[in-house]
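1. what's the 3D shape of this:
(2 chains)
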Amino acid sequence: METSHSNRETILNAIRSNLPKVPVEHPGIRTFQRPAGDLKAMFEQRLKEAGGAAHDLGSVPEAESKIILLHPDATVICSVVPEIAGTRRAENVRDPHELADVDVGVVRAQFGVAESGAVWVTQEDLVVDALGFLSQHLIVLLDPKQIVSDMHAAYRRVRLHETAFGCFMMGPSATADVEATLVHGAQGARSLNLFFL
Amino acid sequence: MAKQVNPAAAAELFILQDQIHEPMHDRFLWATMQRRHAEAGAMPEWEELREIASKIKEHTLTHLDHYLEEFEANATKRGAHVHWALDASDHNQIVYSILQDHGVTELIKSKSMLQEECQMTPFLQQRGIKVIESDLGERIQQLDGQPPSHIVFPCIHKTRKDVAQLFARTIGTDPNNEDPHFLTEEMRNNARPRFLSAGAGMTGGNFAIAETGTFMVCTNEGNADIGAAVPPLHIASIGIEKMIPRVEDMGVFLRLLARSAEGAPLTQYSSHFTGPRKGGELHIVLVDNGRSRRLGMPDFWHSLKCIRCGACMNTCPVYRRSGGLAYGATYSGPIGVILDPTFDEFKYSELPFHSSLCGSCTEVCPVKIDISDQILKWRRVMAAKGYLPLVKKLSFAVAGHIFAHPAEYHVVEKTTEPAMSYAPHFLLYNRTLNPWVRDRELPQPAKKTFREWYLANRSKHGNVTQ
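-> Numbering: from 1, shown residues only, chains lettered A, B, ... in the order given. The predicted model follows:
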């Protein structure tokens, strides 16, 4: 950017001449010991507090009927996971605007975080980023063995240099902007049901 | 020269408007603080994390040129366009040019205090760009023609009735339906078509990771994500102080941020953008706007560590009673008191006095900014520049003399009205000069001075000389 090039030098030079006299060392981050505990139970509890719900499902047919039970009126179910067919495949979507009418999005998360109930999903998991946010409701599949204890462990697993988009998603969309009253489904998903599968 | 803002007078308007707004505001923010304390208390390493976060920020700021270059190189490598803005007008001009290049006339934006600071929305609107806020609270404030009153809860000073009436007036809802679920649903349905028709989405950035060229955005509504995922163009405005060195460091900051802000382990969405999404275009505007100058202020550069959680506001007894709009500035509350004067010392010269110096802000700050010490230092700056308001000049003239002469201090301390006699009573209780007293009683002076009590009860154990 021609116009910004001199700005860049101006800003960097201003920073260099104003740097505090004593440079501070990076403190390093030690490993924090976690009390032994059931990560899955902790994850489920936190997910519930975040407005989501977890379900133990033994098989794909069970998962399919659970989706219908949870969302009986859904007409557009857009899935990106091989297990669940849905009514539309995100792989065929060319433009995110095509997802505006999705009732239920079905995705698989890479792992969950016990201390928050959040799951990690990337652009590759969503196929189209917008699926995670335009869908009225979300179904998230998670392998119960893939739960890490805390955000330190979580950031050791993410590979930010390999994906343009990655999100820790903790339950559905929420707001408390009107009189501090919690409401789910502010702009993004109205509900998030997590299937251990 | 800009007019001085008068926070005490504005706070008075907030307090005296009725018996509803100010107690509600106070109650909500205090409840948020209680949730923060519960989360912090449940984590054994909380205090250690604060210390680590503080040191990582200090490390980054003392090597800021290096980390900015590293961030730029990595973001560029991933296909993002990186721009550098010297100041607010530069930022706005850069954003406008990008929008013009893409023929964008409608923009959907998520919350960004930096874009507020730059006054970007009026700039773009004057040039024919339609700008819609997508965060519910920000949209409420936009429809009401007000800036956000809190950096995390933009319309926390409004009642549900205020919102119902505003929506009735602006988007045609039933004025008698004050249910927050209804109001939120109405705005969801109002915003949805705008997300779909916008030519660009704008976000801010909570953190920028030098190691990977990633920036991240935290929201609860998912509005930033829709704005980034649906329109073909994403523009992010990021203050140069938002750098952090490595991906691993994020674990520390995300564990602190939402717990401090709202007493939750995370925000609902913590999104990481590394280069443009598939089929999209990404522009990052790195903004200085006084930050490099602040870095050179020995007393005040630590304010650049701020991660904008708002805990200092929620805990502040003055903020909770004043409402954020009383500060008349982009940043309100204790962090605003120390940030705003770096933009305009005269205009914001009253802010450092809008504090009880109780120190609670310093205690809760997740990155250990010495906020209350900085407030005191700003008072000294204002005094040295002669910006003290009249009532304080007169009071301090008396107090200053007495504090400077310990013998006289003890004499004054012993008189019948000790605590209050440093400042003449007619000044403290003059309603025109000091609006704070109109609905406040100053505490009764103690019968015994602290010194008398201390000498009687403790001096034999200590080393106080009489």
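
2. Every contact and neighbour count from this point should use C-alpha atoms.
-> Fine.

3. List the buried residues of the longest helix along chain A.
-> Ranked by residue count, the top helix of chain A under DSSP state H comes out as helix A:2-18. Along helix A:2-18, the positions that meet the burial threshold by neighbour count (16 or more other Cα atoms under 10 Å in any protein chain shown) are A:4, A:7, A:8, A:11, A:12, A:14, A:15, A:16, A:18.

4. how far does it sit from the chain's center?
-> 36 Å (Cα atoms, centre = their mean, to the nearest Å).

5. Contacts only, for the residue most central in space within chain B.
-> Taking Cα atoms, centre = their mean, the centroid of chain B lies closest to residue B:331, which sits 4.3 Å from it. When the contact criterion is Cα atoms under 8 Å, 6 or more residues apart in numbering or on different chains, the partners of residue B:331 are B:150, B:151, B:337, B:339, B:340.

6. Which of those sits closest to residue A:43?
-> Of all these, residue B:151 has the smallest distance to residue A:43: 29.4 Å, by Cα to Cα.

7. Test my guess that that closest one contacts residue B:312.
-> No. Here residue B:151 lies out of contact with residue B:312, judged by Cα atoms under 8 Å, at a distance of 10.8 Å.

8. and residue A:142, how many residues sit next to it?
-> With neighbours defined by other Cα atoms under 10 Å in any protein chain shown, the count for residue A:142 comes to 21.

9. Then residue A:62?
-> Look at residue A:62: counted by other Cα under 10 Å, it has 11 neighbours.

10. And for residue A:58?
-> For residue A:58, the number of neighbouring residues by other Cα under 10 Å comes to 11.

11. That one: what's it in contact with?
-> For residue A:58, the set of contacting residues under the criterion of Cα under 8 Å, 6+ apart consists of residue A:197.

12. Could you report the separation of it from residue A:195?
-> As for residue A:58, its distance to residue A:195 is 10 Å (criterion: Cα to Cα, to the nearest Å).

13. in chain B, what secondary structure element scores lowest on mean pLDDT?
-> helix B:425-428 (a mean of 50; mean pLDDT, DSSP states H and E).

14. what is the mean pLDDT for the helix or strand just after that helix?
-> Scanning forward in sequence from helix B:425-428, with DSSP states H and E defining helices and strands, the next element found is helix B:450-457. In this model, helix B:450-457 has an average pLDDT of 76.

15. and the longest helix along chain B with chain A, contact?
-> Scanning chain B for the helix with the most residues, using DSSP H, yields helix B:21-41. Yes. Using Cα under 8 Å from any Cα of the partner chain as the criterion, contacts between helix B:21-41 and chain A involve residue B:28.

16. what helices or strands is that helix leaning on?
-> Identification of packing neighbours for helix B:21-41 by 3 or more Cα pairs under 8 Å, 6 or more residues apart in numbering or on different chains; DSSP states H and E yields helix B:7-16, helix B:249-262, helix B:311-315, helix B:317-322.

17. Helix or strand next in line after the second one, which one?
-> Following the chain from helix B:249-262 toward its C-terminal end, the next helix or strand by DSSP H and E is strand B:269-273.

18. pLDDT averaged over that following strand - what is it?
-> When the per-residue pLDDT values of strand B:269-273 are averaged, the result is 98.

19. so who does the spatially most central residue of chain A touch?
-> Ranked by distance to the mean C-alpha position of chain A (Cα atoms, centre = their mean), the top residue is residue A:169 at 2.7 Å. For residue A:169, the contact set (Cα under 8 Å, 6+ apart) comprises A:118, A:119, A:120, A:121, B:268, B:269, B:270.

20. which strand residues sit across from the first one in the sheet?
-> Read that as residue A:118. Beta-bridge pairing of residue A:118 under DSSP bridges involves residue A:113.

21. Please verify my assumption that it contacts residue A:140.
-> No. The pair residue A:118 and residue A:140 does not pass the contact test of Cα under 8 Å, sitting 11.0 Å apart.

22. out of these two, which sits in the more crowded spot?
-> Each of residue A:118 and residue A:140 has its neighbours counted (other Cα under 10 Å); residue A:118 has more, 31 against 22.

23. picking that back up, highest average neighbour count across the helices and strands packed on helix B:21-41?
-> A comparison of those by mean neighbour count, using mean count of other Cα atoms under 10 Å in any protein chain shown, puts helix B:311-315 on top with a mean of 29.

24. So residue B:65, which state does it fall into?
-> In three-state terms, and counting by DSSP: H, G, I helix; E, B strand; the rest coil, residue B:65 is helix.

25. buried ones in stretch B:349-356?
-> Taking 16+ other Cα under 10 Å as the basis for neighbour counts, the residues of stretch B:349-356 that come out buried are B:349, B:350, B:351, B:352, B:353, B:354, B:355.

26. so what's residue 118 up against?
-> Here I'm looking at chain A. If you count contacts by Cα under 8 Å, 6+ apart, residue A:118 has them with A:43, A:47, A:112, A:168, A:169, A:170, A:171, B:268.

27. other chain: chain B
-> B:87, B:88, B:89, B:91, B:92.

28. swap the cut-off to 7 Å and go again
-> The contact partners of residue B:118, by Cα atoms under 7 Å, 6 or more residues apart in numbering or on different chains, come to B:88, B:89.

29. That one and chain A: what is the separation?
-> If you measure residue B:118 against chain A using Cα to the nearest Cα, to the nearest Å, the figure is 17 Å.

30. Give me the pLDDT for that residue.
-> pLDDT, residue B:118: 98.

31. How about the one 5 residues further on?
-> Looking at residue B:123, its pLDDT is 98.

32. just to revisit the earlier point, can you tell which of the helices and strands packed on helix B:21-41 is closest to residue B:366?
-> It is, among the helices and strands packed on helix B:21-41 and with distance given as Cα to Cα, helix B:249-262, at 6.3 Å.
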